[in-house]
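**Student:** Build the 3D model from these lines:
(2 chains)
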Amino acid sequence: MEIIVPLKEVPDIEKVRFDREKGRIDRSSAESGPNPFDLNALEEAVRMKEEVGGKVTVVSMGPERAEKTLRDALARGADEAVLLTDKGFSGSDTWATSYTLAMAIKKIGDYDLIFCGEKTVDGDTGQVGPEIAEILDIPHVAYVNEVIERHEEKIVVKNKMWGMTCTRELKPKGLMTVTKDVNEPRLPSLKDKLRAKKAEIVKWDLEELSKYGQGENFGLKGSPTSVVNIEVPKEKGRECLKFQGPDAVEEMLEKLESDMGGI
Amino acid sequence: MAYDVDDAQGIWIYCEQEKGKIHPVSYEILNKGRELAEALDTELVALYLTPKGEDADELVYRGADKVYVLESDIFDSPDEIPFKENIVHMVKEGKPEILLMGATNFGRSLAPRVAAALETGLTADCTGLKIKAGEFVQIRPAFTGNILAHISTDRCPKMSTVRYKEFEESERDETREGEIISKEPLHRVEKGPKILEEISEDKVKIQEADIVVAGGRGLQESNDLEMLEKVCAEIGGKLGASRPLVDEGWIDKEHQVGYSGNRVKPRLYIACGISGAPQHLAGMKESEKIIAINSDPSAPIFEHADYGIVGDIYEVIPELIEKLKEIKNL
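**Tutor:** Numbers count the residues shown, from 1 in each chain, chains lettered A, B, ... in the order given. So this is what the prediction gives:
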C-alpha cells in the first residue's frame, strides 16, 4: 500500500502576531511546524502501513526551510519526503496549490491512497484535499472521523454528512480528509528523530513539475483568486455587567427582565 | 473551462437538500444572493438537485427568479460525484457569473470538486459578500479567525461557500413569481466511494438552538452536566460543551462549541465554568447575548459576555434553577 500525505508547514497559531495597522501577518513572530490536522492524516497513513504494509510519502509545497517540517514528518513514521520548492510556486491560492500537489503526486505516479488533514490552521479553507482528488480524477471521502477497517484493497471509514453517520469504503486510487477525532498522533522517538535528521529530502522545482502539467497553472499567475485586502478585526469585546455576592442571581435575572423581557 | 466575465451572466445558488428536505442554509444564501443580484442588476437562479422536486416553488418564494430542478434518485445520498457532474454540466451550459454554495460538511466537500473541475477559484467559508464598484468581493476569516481576508476572483464562475447561520434567511413570500424549469439530469455518471450504511441520528442540532447552556472545565465530573441539563429544561435550551469535556468523553462531539466543533449564534449563550479560550470563543462570540458564570473574575470569558456572575457554578447554577422555577410558577 503506497500512501501519500500532503502536508503544510504553518506558523504556531497560538503565538503568531498580527499587525493591525498594516493588515499583515508577521510569520516570523512564531515558530513553524506541521499543520496539526495533517498530523492526524500522517498518523492514519502510518497505521495503515503498519497494518497492511507499504510506504508513506509526505509531500509539501513551501520554502527551503520547510525541510525541517518534513524531517519532523519522517520522524513520525513517513518513509520518504518530497519538498516542492520554487519561487514560481509562491502566491499560490488553493486551486494552484492543489494543482501543484496533484502534479507532484502524478510524478510520484505509483500510489494507492492519499490522506489529507481536513484543513490548515492558517488558510483554514479545507479545499485542497477534494481539489487534489478532482484534478487527479479520483474519488474522495471528506471529514473522516473514524477508520473502521484497513485492508490491502480498501479502507472502511465513517464521516458525517446530512446529519447522518455514513460508512463508506474507499478503494485505491482514492483520497480522504480526516478530522482531529480520527486518532491521536504519536510523538516521535529520539531514535526516529536522529534517523530523520540524516534522511534525504527530495526536492522538485517548477521546471520538474511543468513536465506533468501546464506552466501557466502554477503560482501567482495560476491562481484564480487573490487577496485584495486583509483586515485584522479588533476583538469585539463586550461591556460585561458583573454581579457578585448572595443576590447575584436574582439581580441578574431582574436586569435581564428589564433589558430583554427575561430569558 | 472557466470563462470570462463578459460571457457570464446571473447569480446561481446551489440549494442543498438532505434526503429531499431543503437545508436552511439555502434560504440564507438566497437572501444574500437577492441582494447581490439587485446590485448587479441580474437574475438570481436556484440550482436544485433533488430526489423529489415538488417543493421547488419554495425557492421562488424565498427569492429565486428561476429554479433549475434536476430530479433523480442519485441525489438521495451524499455522494459528491453525481452532484459534481451535474452541477458542472449545468454551469457550463448556463455560464453564471457567480455560484454560491453552503459551507455545510457536504458543501465543503462538494464545492472544491466543482471548482477544480471548472478550473476556477473558490473562496471558502465566507462571512461577507458584497459588490464594490461593480466587483464581487468575498470576505472570509483565516488564521483561525484572527484575520478577515477580502478576496476577488479573476475568472468565472466566481465561487464561494457561505457559512451556515451567517446570514438571515430570506422572508418567505408566496406571492413571489418565478420560473421553474425542469432539467434532465445526467444519470449515467460515475459514483464516489460506496456508501455502505447511513445512520440518521437524532441530532442535537446545537447550531439551530435558540438558547445554548454550555459547560467547561469548571465542571468537576461528567454527572455535573445534569445540572446544566436542568437549566436547559427550564428555559428550552440545548446543552453545549467546550472541547476538554468532549476530549474527556463526558459528552458527545455534537455538543462541542468552538473552532473545531460547532459555531453557534443563538439568541442567548450561557457559559458555565468556561474560561473563554480563543478556541472556544471562535465558536460562540457571535451569539446575540452572552451570560458568563465563572468563579475567576479575570477569566477572559467576561470580556466577551454581556452579563456575568462571579461565583462558584456549584452554588450559582442550583440557585439559578430555583429562581427560574419560581418565575415559571408566577
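**Student:** Name the helix or strand of chain A that has the lowest mean pLDDT.
**Tutor:** Least confident helix or strand, chain A: strand A:24-26 with a mean of 74, by mean pLDDT, DSSP states H and E.
**Student:** what's around residue 16, how many residues?
**Tutor:** All of this is about chain A. Look at residue A:16: counted by other Cβ atoms under 10 Å in any protein chain shown, it has 21 neighbours. C-beta here means a position set from N, CA and C on the backbone, and glycine is covered the same way.
**Student:** Can you look at chain B instead?
**Tutor:** Neighbour count of residue B:16, defined by other Cβ under 10 Å: 25.
**Student:** Spit out the contact partners of the nearest residue to it once chain neighbours are set aside.
**Tutor:** Excluding the flanking residues, the one nearest residue B:16 by Cβ to Cβ, 6 or more residues apart in numbering or on different chains is residue B:23, at 4.3 Å. Residue B:23 sits next to B:15-17, B:102, B:104 when contact means Cβ atoms under 8 Å, 6 or more residues apart in numbering or on different chains.
**Student:** try 7 Å
**Tutor:** Residue B:23 sits next to B:16-17, B:102, B:104 when contact means Cβ atoms under 7 Å, 6 or more residues apart in numbering or on different chains.
**Student:** Am I right that residue B:223 is in a helix?
**Tutor:** Yes: per DSSP: H, G, I helix; E, B strand; the rest coil, residue B:223 lies within a helix segment.
**Student:** Would you double-check that residue B:140 falls in a helix?
**Tutor:** No: per three-state DSSP, residue B:140 lies outside any helix segment and is strand.
**Student:** And residue A:197, its phi and psi?
**Tutor:** phi -60, psi -30 (degrees, to the nearest 10).
**Student:** What strand or helix carries the nearest residue to it once chain neighbours are set aside?
**Tutor:** Distances taken as Cβ to Cβ, 6+ apart put residue A:71 closest to residue A:197, at 6.3 Å, once the chain neighbours are dropped. Here residue A:71, judged by DSSP states H and E, is contained in helix A:67-75.
**Student:** Which elements pack onto that helix?
**Tutor:** Packing contacts for helix A:67-75, counted by 3 or more Cβ pairs under 7 Å, 6 or more residues apart in numbering or on different chains; DSSP states H and E, involve strand A:32-34, strand A:55-61, strand A:80-84, helix A:190-198.
**Student:** what bits of the chain have low per-residue confidence?
**Tutor:** This is for chain A. Within chain A, the stretches with pLDDT under 70 are A:20-23, A:235-236.
**Student:** not quite, I wanted chain B
**Tutor:** The model of chain B has pLDDT under 70 over residues B:202-204.
**Student:** burial of the residue of it found nearest chain A, as a residue count?
**Tutor:** Relative to chain A, the nearest point of chain B is residue B:121 (3.1 Å; Cβ to the nearest Cβ). The tally of other residues near residue B:121 (other Cβ under 10 Å) stands at 26.
**Student:** Ok, residue A:110 next?
**Tutor:** By the criterion of other Cβ under 10 Å, residue A:110 has 8 neighbours.
**Student:** quick one: secondary structure of it?
**Tutor:** Strictly by three-state DSSP, residue A:110 counts as coil.
**Student:** Give me the spatial nearest neighbour of it, chain neighbours excluded.
**Tutor:** Closest to residue A:110 by Cβ to Cβ, 6+ apart is residue A:2, at 5.7 Å.
**Student:** Run a quick check on the one you found versus residue A:54, I expect a contact.
**Tutor:** Yes: judged on Cβ atoms under 7 Å, residue A:2 makes contact with residue A:54 at a distance of 5.7 Å.
**Student:** give the contact list for residue B:261.
**Tutor:** Residues near residue B:261 by Cβ under 7 Å, 6+ apart: B:243, B:253, B:283.
**Student:** try residue A:116
**Tutor:** Neighbouring residues of residue A:116 by Cβ under 7 Å, 6+ apart: A:6, A:41, A:128-129, A:175, A:177.
**Student:** Please repeat the previous calculation with a cut-off of 8 Å.
**Tutor:** A:5-6, A:38, A:41, A:128-129, A:132, A:175-178.
**Student:** Near chain B, list only the ones from the residues you listed.
**Tutor:** Among these, the residues that sit close to chain B (Cβ under 8 Å from any Cβ of the partner chain) are A:128-129.
**Student:** Go through the contacts of residue A:116 and name the one nearest residue A:221.
**Tutor:** Of all the contacts of residue A:116, residue A:221 sits closest to residue A:128, with 18.9 Å by Cβ to Cβ.
**Student:** what about the closest one, neighbour count?
**Tutor:** Using other Cβ under 10 Å as the criterion, the residues surrounding residue A:128 number 25.
**Student:** what's the answer for residue A:211, then?
**Tutor:** Using other Cβ under 10 Å, residue A:211 is surrounded by 11 other residues.
**Student:** Give me the distance between the closest residue to it other than its chain neighbours and residue A:41.
**Tutor:** Nearest residue to residue A:211, sequence neighbours excluded (Cβ to Cβ, 6+ apart): residue A:107, at 7.7 Å. Going from residue A:107 to residue A:41 by Cβ to Cβ, to the nearest Å gives 20 Å.
**Student:** repeat for residue B:172
**Tutor:** Distance of residue B:172 to residue A:41, given as Cβ to Cβ: 43 Å.
**Student:** ok, those two, which is more surrounded?
**Tutor:** Higher neighbour count among residue B:172 and residue A:41: residue A:41, with 29 against 11, using other Cβ under 10 Å.
**Student:** relative to strand A:55-61, how tilted is the host helix or strand of the more buried one?
**Tutor:** Applying DSSP H and E as the criterion places residue A:41 in helix A:36-52. On the basis of axes from the mean of the first three to the mean of the last three Cα atoms, to 10 degrees, helix A:36-52 is oriented at 160 degrees to strand A:55-61.
**Student:** Pull out the buried residues from helix A:36-52.
**Tutor:** Of all the residues in helix A:36-52, those buried under the rule 16 or more other Cβ atoms under 10 Å in any protein chain shown are A:36-49.
**Student:** Which residues of the stretch 201-330 of chain B lie near chain A?
**Tutor:** Going by Cβ under 8 Å from any Cβ, the residues of the stretch 201-330 of chain B near chain A are B:201, B:203, B:205, B:211, B:235, B:253, B:260, B:268, B:278, B:285, B:289-292, B:297, B:302-311, B:316, B:319-320, B:323-324, B:327.
**Student:** mind redoing it with 7 Å?
**Tutor:** Residues of the stretch 201-330 of chain B that fall close to chain A, judged by Cβ under 7 Å from any Cβ of the partner chain: B:201, B:203, B:235, B:253, B:260, B:268, B:289-290, B:302-311, B:316, B:319-320, B:323, B:327.
**Student:** what about residue B:12, how many neighbours?
**Tutor:** So residue B:12, with other Cβ under 10 Å, has 28 neighbours.
**Student:** Excluding chain neighbours, what is closest to it?
**Tutor:** residue B:96 (4.0 Å).
**Student:** and residue B:316, what is it in contact with?
**Tutor:** Contact analysis of residue B:316 by Cβ under 7 Å, 6+ apart lists A:248-249, B:293, B:309.
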